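Colleague: Compute the structure for the input listed below.
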Amino acid sequence: DYMLPDVNGNIVAGTIRQQKDPRISQILIIVISGVVNQDEISGLLKSGVNRFMKKPFSINELLAIINEYCEQIIQKESAPIQEPKQSHQKPVLTVLPERTQTKESDQAESKRQEDPMNLKDYEIVLAEECRKKLASFRLTQENLLELVAGEFRSHVNYFRYDLENYPLPLRSDYILYINKVGRTIEFRRLARCTADKAKLASWNDILSLYRRASRLAYRKEPEKLVLVDKSFDRVALLHGDLRERMIKHYQTHDKLPLKKALYDAEHTDGPDREKTEGLAFHLKEAAKADEEARAIIESVRLGDMGVEEAVGLAVMELERSLQHIHKIILAYSPIQ
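Modeller: Numbers count the residues shown, from 1 in each chain. Here you go, the predicted model:
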């Protein structure tokens, strides 16, 4: 918005364009206002604003601009890289030792680069904690990269979405905690996971539900929560299924009295009392946030709240619910 409390949109746009990180400095900037004159619009465009939209504007018009921008980015990223630019590309993993090239390895490399679903275009950052674990587990950095590539190929959406502090199960009895933002992947921490295959399969089911919940359409188009019939109900149902799946998992595989703890926290006992109470707390808070979101959506249907205000508040509560689920995933992974 051009009119802001302490600055205006021109200053904000200029600040964004001056950032060193291209993921920030090259982002699409659309300024909206109902009072800007033609000279001010020209100034905005000179400061790096991509588009100006006069209030009131339509959602379809806004989405058309965003879609056009996304198409330009896709075309740019899919265009063949010119030879002079190749020297500026960062290697996949700069800490890897050099390999002796053979005819077979050259052919394998050529095949790898022809495949769009690989990690060749990603910058890999190896945290010190992860590096130390590799040594203790007698794994090489190449071993780890191959395991991660295998998981990414099995779940191609990993290529399409960012991941924040995500526990990635690897096929050789490890869990790797990663951050993925754009074309950068950080390997944060490596741990051995349980040898119980049934428990690990149950955990993978939980992660699958969590991935679905974190990629629902409302997170990109929040107004759908109110404007699309049954949209909120589908979100709430998935959140509820995720919590129930977690309860079943910890009761079955860790023998925790979670049901009892959820309804009678004062009388929780046993050797895993702290873990049980921690799980119960996050599950109850997640459920509470979903109920708050439901009440907000209902207030729109009753005419007690405007759509714009309700959407913002409902999304905030749904995000709070997912944050509690994410804390469970991080704190209580099936690691040894």
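
Colleague: buried ones in stretch 208-223?
Modeller: Leu209, Tyr210, Ala213, Ser214, Leu216, Tyr218, Arg219, Pro222 (16 or more other C-beta atoms under 10 Å). No exception for glycine: its C-beta is placed from N, CA and C like everyone else's.

Colleague: doesn't Glu186 fall inside a helix?
Modeller: No: secondary structure assignment places Glu186 outside any helix; it is strand (DSSP: H, G, I helix; E, B strand; the rest coil).

Colleague: For burial, what's the neighbour tally of it?
Modeller: For Glu186, the neighbour count with other C-beta atoms under 10 Å is 17.

Colleague: Same question for Ala286.
Modeller: By other C-beta under 10 Å, 25 other residues sit near Ala286.

Colleague: circling back: show only the entries of the buried residues of stretch 208-223 found in helices.
Modeller: Per DSSP state H, helices hold the following members of those: Leu209, Tyr210, Ala213.

Colleague: quick one: contacts of the helix or strand encompassing Ile329?
Modeller: Taking DSSP states H and E as the criterion, Ile329 maps to helix 307-331. Applying C-beta atoms under 8 Å, 6 or more residues apart in numbering, the set of residues contacting helix 307-331 from outside is 164-165, 167, 177, 206-207, 210, 213-214, 218-219, 222-223, 225-227, 232, 235, 239, 242-243, 246, 278-279, 282-283, 285-287, 289-290, 292-293, 296-297, 299-300.

Colleague: Compute the distance from the centre of it to the centre of its chain.
Modeller: Taking the mean of its C-alpha atoms, helix 307-331 sits 13 Å from the chain's own mean (C-alpha atoms, centre = their mean, to the nearest Å).

Colleague: got the buried residues for it?
Modeller: In helix 307-331, the ones that count as buried by 16+ other C-beta under 10 Å are 310-311, 313-315, 317-318, 320-322, 324-329.

Colleague: Among those residues, find me the one that's closest to Lys132.
Modeller: Nearest to Lys132 among the buried residues of helix 307-331 is Ile329, at 23.2 Å by C-beta to C-beta.

Colleague: picking that back up, between the buried residues of helix 307-331, which is nearest Arg192?
Modeller: Taking C-beta to C-beta as the measure, Arg192 lies nearest Ile329 of the buried residues of helix 307-331, at 17.3 Å.

Colleague: Distance check, the closest one against Arg211.
Modeller: For Ile329, the distance to Arg211 (C-beta to C-beta, to the nearest Å) stands at 11 Å.

Colleague: Now do the shared contacts for those two.
Modeller: Contact with both Ile329 and Arg211 is made by no residue, according to C-beta under 8 Å, 6+ apart.

Colleague: C-alpha coordinates for stretch 243-263, CSV please?
Modeller: Backbone C-alpha positions of stretch 243-263 (Å, rounded to 0.1, in the frame of the first residue of the first chain) are rendered in CSV as follows:
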residue,chain,number,x,y,z
ARG,A,243,-4.0,-34.8,15.3
GLU,A,244,-5.8,-38.1,15.5
ARG,A,245,-3.1,-39.8,13.5
MET,A,246,-0.5,-38.4,16.0
ILE,A,247,-2.4,-39.6,19.0
LYS,A,248,-2.7,-43.1,17.5
HIS,A,249,1.0,-43.1,16.6
TYR,A,250,2.2,-42.2,20.1
GLN,A,251,-0.2,-44.4,21.9
THR,A,252,0.5,-47.4,19.7
HIS,A,253,4.3,-47.2,19.3
ASP,A,254,5.4,-45.3,22.4
LYS,A,255,2.7,-46.6,24.7
LEU,A,256,1.9,-43.1,25.9
PRO,A,257,-1.5,-42.5,27.6
LEU,A,258,-2.2,-39.5,25.4
LYS,A,259,-6.0,-39.8,25.5
LYS,A,260,-5.9,-39.7,29.2
ALA,A,261,-3.5,-36.8,29.2
LEU,A,262,-5.7,-34.8,26.8
TYR,A,263,-8.7,-34.9,29.2
